[in-house]
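A.B. asks: kindly generate the corresponding structure for this input.
(2 chains)
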Amino acid sequence: MAQTKNSELLLNPLNLNNPITVQVLGICSALAVTVKLEPAIVMAISVTVVTALANLIISLIRNTIPSRIRIIVQLMVVSFLVILVDQVLKAFMYELDMALSVYIGLIITNCIVMGRLEAFALGNKPFPALLDGIGNGLGYGVILVIVAFVRELFGTGQLFGFQIIPEGCYNMGYENCGFMLNPPMALILIGVVIWIQRAKMKELQEK
Amino acid sequence: MEALNLFIKSIFIDNMIFASFLGMCSYLAVSKTVKTSVGLGLAVVFVLLVTVPVNYLLENYILKADALIEGVNLSFLSFVLFIAVIAAIVQLVEMIVEKFAPALYGQLGIFLPLIAVNCAIMGASLFMQQRSFDVAAGSIGGGLGYAIVYALGSGIGWFLAIVLMAAIREKISYSNVPAPLKGVGIAFIVCGLMAMAFMSFMGIKL
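C.D. replies: Numbering: from 1, shown residues only, chains lettered A, B, ... in the order given. Got it, this is the predicted structure:
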């Protein structure tokens, strides 16, 4: 692990070791906040910030945490970071915070954050840990953006609230696929993303 | 029959997995066999039954605006306090189960401590905080009763979802799934189809 180059730490989680499609972590929020593109991007940024900073902090104090209480210490660090993020969102983007509702709070139990803390931050130096946190956050963000893009575009014909599909299409009989806004489509879309990724990268296929 | 309405609603309509996606990670990881799923499902029901009412009391008597001292709103601390309560209770449950039911403890293995970071537990407490079951006149035990009904319903909904998924995945292992979809891919698609089926419960009124 110590020989992993810093660029690999940043780039691997984007495709080869993607937290959602390969490590299968952080699914809960990935499905729930992807109804529109804007909350998805805000969520992705929040998770990236929390994962990166939590990785950094835990890595800095990793030699002083007694092994028996490490889960509690990790939870405390992550909770405080999430409280900070939540207060910032409440202050500057109140409607978005209401739309994201409990899922900001659920970043605490987001498996990506806890997973990276356990798997990487506890055994590596602060700077690689920071890069690993940023990389995993970005990998998570990529999937969120893809799913939210498809769902908002085909579900409402808009992106970021701007009408993308022109009036002419509606006049010719095109209808918005309203079902895209419902939970089942999020699950099926992620299944399809996994399908496409594994079809292209045979080494990820399960036997 | 508000309580019964809430109970049925939290099992089928607001199902923790299919409507709110809470607890998906352990759901996908554990649902490979029915036996482990039953064990984890029961553990989740039990932990929910204990943590949601405790957090409800915490929320209403300490954290809410003007709850503890006039003019003091401590709800920004709710994340830390909820997760601390959950971690402590899971630790307690682990110790009790180990002492009084060692066979069950051996069966559950690693899953019991893992429940502390299961989004379903934290999510149930956060949803409970959002909905703030007001102390309704004439209801069983007031808001606390509703919190208990909500916890039981949510837990049973999660249990139902994971056992159904495990049963389907056990059968799928004998089918001809395309190679890129094997394992986690087909699990997502099956989950999506089940979520569609559960949507048919919307609009039930008792």
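A.B. asks: least confident secondary structure element in chain B?
C.D. replies: One helix or strand of chain B scores below all others by mean pLDDT, DSSP states H and E: helix B:111-114, with a mean of 73.
A.B. asks: counting contacts, what elements does the longest helix along chain B pack onto?
C.D. replies: If you go by DSSP state H, chain B has its longest helix at helix B:142-172. Packing partners of helix B:142-172 (3 or more CB pairs under 8 Å, 6 or more residues apart in numbering or on different chains; DSSP states H and E): helix B:2-8, helix B:24-30, helix B:34-58, helix B:119-131, helix B:184-199. In short, each C-beta sits where N, CA and C put it, glycine included.
A.B. asks: so what's B:Met165 up against?
C.D. replies: By CB atoms under 8 Å, 6 or more residues apart in numbering or on different chains, the residues touching B:Met165 are B:Tyr27, B:Ser31, B:Ser37, B:Ala187, B:Val190, B:Cys191, B:Met194.
A.B. asks: next SSE after the helix or strand where A:Asp132 lies?
C.D. replies: Per DSSP states H and E, A:Asp132 falls inside helix A:126-156. Sequence-wise, the next helix or strand downstream of helix A:126-156 (DSSP H and E) is strand A:158-159.
A.B. asks: can you list the strands that that following strand pairs with?
C.D. replies: strand A:162-163 (antiparallel) (DSSP bridges).
A.B. asks: what does the partner strand contact?
C.D. replies: With CB under 8 Å, 6+ apart, strand A:162-163 has contacts from A:Gly157.
A.B. asks: how about the nearest residue to the most centrally placed residue in chain A, chain neighbours excluded?
C.D. replies: Geometric centre of chain A, nearest residue: A:Tyr140, 3.4 Å, by CA atoms, centre = their mean. Closest residue to A:Tyr140 apart from its sequence neighbours, by CB to CB, 6 or more residues apart in numbering or on different chains: A:Pro19 at 5.1 Å.
A.B. asks: that neighbour in helix, strand or coil?
C.D. replies: coil (DSSP: H, G, I helix; E, B strand; the rest coil).
A.B. asks: local confidence estimate at it?
C.D. replies: Looking at A:Pro19, its pLDDT is 80.
A.B. asks: confirm for me that it is in contact with A:Asn12.
C.D. replies: No. Between A:Pro19 and A:Asn12 there is no contact under CB atoms under 8 Å: 10.4 Å.
A.B. asks: looking at those two, which one has more neighbours?
C.D. replies: When neighbours are counted by other CB atoms under 10 Å in any protein chain shown, A:Pro19 comes out ahead of the other of A:Pro19 and A:Asn12, with 30 against 18.
A.B. asks: how near is that one to B:Glu98?
C.D. replies: As judged by CB to CB, to the nearest Å, A:Pro19 and B:Glu98 stand 33 Å apart.
A.B. asks: is any residue of stretch B:177-185 near chain A?
C.D. replies: Yes. Shown here: stretch B:177-185 in contact with chain A (CB under 8 Å from any CB of the partner chain) through B:Pro178, B:Ala179, B:Pro180, B:Leu181, B:Lys182, B:Gly183, B:Val184, B:Gly185.
A.B. asks: hmm, which of those residues are the buried ones?
C.D. replies: B:Pro180, B:Leu181, B:Lys182, B:Gly183, B:Val184, B:Gly185 (16 or more other CB atoms under 10 Å in any protein chain shown).
A.B. asks: closest to B:Val80 out of these?
C.D. replies: Of all those, B:Val184 has the smallest distance to B:Val80: 32.6 Å, by CB to CB.
A.B. asks: what part of chain A, helix or strand, is modelled with the least confidence?
C.D. replies: Counting by mean pLDDT, DSSP H and E, chain A has helix A:6-11 as its least confident element, at a mean of 77.
A.B. asks: ok so, going back, among the contacts of B:Met165, which has the minimum pLDDT value?
C.D. replies: Note: of those, the lowest pLDDT belongs to B:Ser31, at 80.
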